[in-house]
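# No letters, just coordinates:
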């Protein structure tokens, strides 16, 4: 009986020792005239191999919140709206919660060369 209880306790301790802490990445996305951007994409990925760690979209107020495991390696965050443009930020590591505050996206303009 004692061995089975001891085995059970060791199993529980092992499970908890491998659990990773979660951190929260949050912020608000708006355009140049301070209107919230709805359904803007937020992607967090591993810089080394570009694998996606997590993704979400902004809500009707432009807010987003992603809970991810702590990252002790370089990661990137991309905030993208098809019309308003892209915001990119890189981190050496993400071990504490991060608040982007308000991210303002501005319209991407592309100048085309003349057609010959």
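That came through fine. Keep in mind it's a predicted model, so treat the numbers as computed, not measured. Residues are numbered from 1 along each chain as shown.

# Residue 77: how many residues sit nearby?
Here the number of neighbours of residue 77 (other Cβ atoms under 10 Å) works out to 22. C-betas here are computed from N, CA, C, even on glycine.

# For residue 86, which non-adjacent residue is spatially closest?
residue 80 (4.8 Å; Cβ to Cβ, 6 or more residues apart in numbering).

# my bad, residue 77
That would be residue 89: by Cβ to Cβ, 6+ apart, it lies 4.9 Å from residue 77.

# and that neighbour, what element?
Using DSSP states H and E, residue 89 sits in strand 85-91.

# swap in residue 42?
strand 41-46.

# can you pull the buried residues of that strand?
Buried residues in strand 41-46, counting neighbours by 16 or more other Cβ atoms under 10 Å, are found at 41, 42, 43, 44, 45.

# Note down every partner strand of that strand and its orientation.
In the sheet containing strand 41-46, its partner strands are strand 52-57 (antiparallel), strand 75-81 (antiparallel), by DSSP bridges.

# Other residues contacting the longest one?
Pointing back at strand 75-81 there. 25, 27, 29, 31, 37, 40-47, 53, 86-91, 93-94, 100, 103, 105 (Cβ atoms under 8 Å, 6 or more residues apart in numbering).

# Need the buried ones from those selected in PyMOL.
The PyMOL selection below is limited to those of these classed as buried (16+ other Cβ under 10 Å):
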select buried, resi 25+27+29+31+37+40+41+42+43+44+45+53+87+91+94+100+103+105
